[in-house]
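*Asks:* Next one to model:
(chains A, B, C and D)
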Number of protein chains: 2
Amino acid sequence: MTPDSKDPRWLTAEQRLAWLDMVRVLTRLPATLGAQLERDAGLTFFEYHVLSMLSEIPGHALRLSRLAQLTSSSLSRLSNVVKRLEARDLLRREPDPGDGRASRAVLTDAGMAAVEQAAPGHVTLVRELVVDPLDAKQLSRLHAAHERILDRLDPASSTRPEWLET
Amino acid sequence: MTPDSKDPRWLTAEQRLAWLDMVRVLTRLPATLGAQLERDAGLTFFEYHVLSMLSEIPGHALRLSRLAQLTSSSLSRLSNVVKRLEARDLLRREPDPGDGRASRAVLTDAGMAAVEQAAPGHVTLVRELVVDPLDAKQLSRLHAAHERILDRLDPASSTRPEWLET
DNA sequence: AGCGATTGGTTCAAGCGTCAAGTAAATTGG
DNA sequence: CCAATTTACTTGACGCTTGAACCAATCGCT
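*Replies:* Below you'll find the model as predicted:
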């Protein structure tokens, strides 16, 4: 009988071990994926994420504010990154037809090519690190856990791409 | 029949959904925890992690190189952070008795107090976002999945704290 | 219609992380 | 036992992120 097992201030031993391992994944996984993308495609994980969101939406165009939500970034950060990506000709900015304040980021052909060139290596690593070590059942349970966590992290689901059917 | 279900270049629809939700967790969870720590304790997630590692090891002291492994950071990053934390008197650097090249970071009383002050709020949020939305079984499966992923991310287990019994 | 508040986006300074280069101490190997 | 290498760490320059301040367009209210 652990005396403080109900004290909300602490975690039980198992909870603590689970959390510490989660922290290790949380820190190492993005770093590892980012290093691969940087090395093989000259893109940050975040830049890749931005381009890949654009590549998947019909029309390859999104308003910056929506793109910021989808990538969980501040508008400020996105603005800077979009400026850099535009300078590299991977996307361009257009005024939004419907709202004079807004801009849309549009993927260029070169941007599309960059995503297509970067994707296989990235996906291979994702498989290797996450998908392959788990069987189908384990992966679907991991997914379910993430969905529950996302309910708390993002109750309004504002970071969820609208073009995904569940 | 999905024609390319075995093509290692792509993920199946389920795998892809699972991965996209994992990416959302990977980006939002650290940001959310970091914001809380910054707001309530004036510490970065990383700074908290550094201090909390020291607080848990017997002796409250670790060589910088080991501390860098435990926190998955570069030595360079750690060196900078340690300098800042030392300036805030949360830890101090001592030459390592056994090796003239090495330094040990030692938690000060103020540093210990800072961790103890920051921990409850942090733990509460971890509970809220991760532990509470899952039941015991789900959490232990999440943990198991993370262990498998860590086998790939860190086969040598060099980021695993030595004072944890499994 | 008109005025204040809100929304969409940019910019700048300050802070933090990264990479390459540097120093110093220990280890290896001939 | 000395030279070459490796290990432990620090520093400095550069790039990215953040947060506050800013502008401009739109919305909400009366």
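*Asks:* can the longest helix anywhere in chain A be found next to chain B?
*Replies:* Scanning chain A for the longest helix, with DSSP state H as the assignment, gives helix A:13-41. Yes: against chain B, helix A:13-41 shows contacts by C-beta under 8 Å from any C-beta of the partner chain at A:14-15, A:17-32. C-beta: built from backbone N, CA, C; applies to glycine.
*Asks:* buried subset of these?
*Replies:* A:15, A:17-30, A:32 (16 or more other C-beta atoms under 10 Å in any protein chain shown).
*Asks:* Could you check which residue of chain A lies nearest DNA strand D?
*Replies:* residue A:100 (2.6 Å; C-beta to the nearest atom of the strand).
*Asks:* what about that residue, how many neighbours?
*Replies:* Neighbour count for residue A:100, taken as other C-beta atoms under 10 Å in any protein chain shown: 7.
*Asks:* Can you list phi and psi of residue A:59 for me?
*Replies:* Backbone dihedrals for residue A:59, given as degrees, to the nearest 10, come out at phi 100, psi -20.
*Asks:* check which helix or strand covers the closest residue to residue A:89 other than its chain neighbours.
*Replies:* Distances taken as C-beta to C-beta, 6 or more residues apart in numbering or on different chains place residue A:110 nearest to residue A:89, at 5.2 Å, with adjacent residues excluded. For residue A:110, the element it lies in under DSSP states H and E is helix A:109-126.
*Asks:* quick one: residue A:31 and residue B:73 touch, right?
*Replies:* No: Residue A:31 is not in contact with residue B:73 according to C-beta atoms under 8 Å; the separation is 9.2 Å.
*Asks:* hmm, stretch A:155-166 touching DNA strand C?
*Replies:* No: Stretch A:155-166 is not in contact with DNA strand C by C-beta under 7 Å from any atom of the strand; minimum separation 11.2 Å.
*Asks:* Would you indicate which residues of that stretch are buried?
*Replies:* Those would be A:159, A:160, for stretch A:155-166 by 16+ other C-beta under 10 Å.
*Asks:* Please state the offset of that stretch from the chain centre?
*Replies:* Its chain's C-alpha centre and that of stretch A:155-166 lie 12 Å apart, by C-alpha atoms, centre = their mean, to the nearest Å.
*Asks:* and if you look at stretch A:145-156?
*Replies:* Counting by C-alpha atoms, centre = their mean, stretch A:145-156 comes out at 14 Å from the chain centroid.
*Asks:* Surely the residue of chain A closest to DNA strand D is in a helix?
*Replies:* No: counting by DSSP: H, G, I helix; E, B strand; the rest coil, residue A:100 is not part of a helix but coil.
*Asks:* For chain B, see how far away the residue of chain A found nearest DNA strand C is.
*Replies:* Proximity of chain A to DNA strand C (C-beta to the nearest atom of the strand) peaks at residue A:65, 2.8 Å away. Using C-beta to the nearest C-beta, to the nearest Å, residue A:65 is found at 17 Å from chain B.
*Asks:* which SSE is that residue in?
*Replies:* Assigned by DSSP H and E, residue A:65 falls in helix A:64-70.
*Asks:* got the contact list for that helix?
*Replies:* A:50, A:53-54, A:62, A:74-75, A:77-79, A:82, A:93, A:102-105, A:158-159, A:161 (C-beta atoms under 8 Å, 6 or more residues apart in numbering or on different chains).
*Asks:* Go again with 7 Å.
*Replies:* Helix A:64-70 has contacts (C-beta atoms under 7 Å, 6 or more residues apart in numbering or on different chains) with A:50, A:53, A:74-75, A:78-79, A:82, A:102-103, A:105, A:158-159, A:161.
*Asks:* Restricting to C-alpha, output the helix holding residue A:110 in PDB.
*Replies:* Provided in PDB are the C-alpha atoms of helix A:109-126 (Å, rounded to 0.1, in the frame of the first residue of the first chain):
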ATOM      1  CA  ASP A 109       6.000  23.000 -58.200                       C
ATOM      2  CA  ALA A 110       9.500  23.100 -56.700                       C
ATOM      3  CA  GLY A 111       7.900  22.900 -53.300                       C
ATOM      4  CA  MET A 112       5.900  19.900 -54.300                       C
ATOM      5  CA  ALA A 113       9.000  18.300 -55.700                       C
ATOM      6  CA  ALA A 114      10.900  19.000 -52.500                       C
ATOM      7  CA  VAL A 115       8.200  17.200 -50.400                       C
ATOM      8  CA  GLU A 116       8.100  14.300 -52.800                       C
ATOM      9  CA  GLN A 117      11.800  14.000 -52.700                       C
ATOM     10  CA  ALA A 118      12.000  14.200 -48.900                       C
ATOM     11  CA  ALA A 119       9.000  12.000 -48.100                       C
ATOM     12  CA  PRO A 120      10.400   8.500 -48.800                       C
ATOM     13  CA  GLY A 121      13.400   8.900 -46.500                       C
ATOM     14  CA  HIS A 122      11.300  10.400 -43.800                       C
ATOM     15  CA  VAL A 123       8.600   7.800 -44.000                       C
ATOM     16  CA  THR A 124      11.200   5.100 -44.000                       C
ATOM     17  CA  LEU A 125      12.600   6.400 -40.700                       C
ATOM     18  CA  VAL A 126       9.100   6.800 -39.200                       C
END
